[in-house]
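Peer 1: Model the following, please.
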Amino acid sequence: MKKVAKITFTVVGSIAVYELLRRTGALDKVKGSLKMKLGSLLDDPKLQFEGGVNKFTGEAKELAHDVKSGVNELFEN
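Peer 2: This next block holds a predicted model:
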């Protein structure tokens, strides 16, 4: 039974971390960087462009998350 509880906790923790990374834009930035590098290796400008768009999307999400956190801190104090 302990093993099942440990696996459940690990899965739930992994999902929580994934959601945090998704909301803060970290996953989009990583995906964008990988696509840009792969596009460069394969000499595929479309893939490079898609990577740039993904990376920019991640940066925009990160900025929005930072602004939201800042506004929340202002109203908490």
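
Peer 1: List the buried residues of stretch 57-70.
Peer 2: Across stretch 57-70, burial judged by 16 or more other Cβ atoms under 10 Å covers 58, 61-62. Backbone N, C-alpha and C define where each C-beta goes, glycine included.

Peer 1: Give me the mean pLDDT for stretch 33-52.
Peer 2: What stretch 33-52 shows for mean pLDDT is 96.

Peer 1: before we move on, back to that, mind checking which of the buried residues of stretch 57-70 are in helices?
Peer 2: 58, 61-62 (DSSP state H).

Peer 1: And the helices in the chain, which stretches?
Peer 2: 2-24, 26-42, 45-76.

Peer 1: what's the burial count for residue 72?
Peer 2: Residue 72: 9 surrounding residues under other Cβ atoms under 10 Å.

Peer 1: Oops, could you answer that again for residue 27 instead?
Peer 2: By other Cβ under 10 Å, 17 other residues sit near residue 27.

Peer 1: repeat for the one 3 residues further on
Peer 2: Applying other Cβ under 10 Å, we find 14 other residues in the vicinity of residue 30.

Peer 1: Distance check, it against residue 76.
Peer 2: Residue 30 is 31 Å from residue 76, where distance means Cβ to Cβ, to the nearest Å.

Peer 1: now residue 58
Peer 2: 27 Å.

Peer 1: got a pLDDT number for residue 71?
Peer 2: 91.

Peer 1: Equivalent analysis for residue 62, please.
Peer 2: Reported pLDDT for residue 62: 92.

Peer 1: same question, residue 75
Peer 2: 87.

Peer 1: now swap in residue 19 and tell me
Peer 2: Confidence score, pLDDT, at residue 19: 81.

Peer 1: Pick the most buried one from the helices of the chain.
Peer 2: Highest mean neighbour count among the helices of the chain (mean count of other Cβ atoms under 10 Å): helix 26-42, with a mean of 16.
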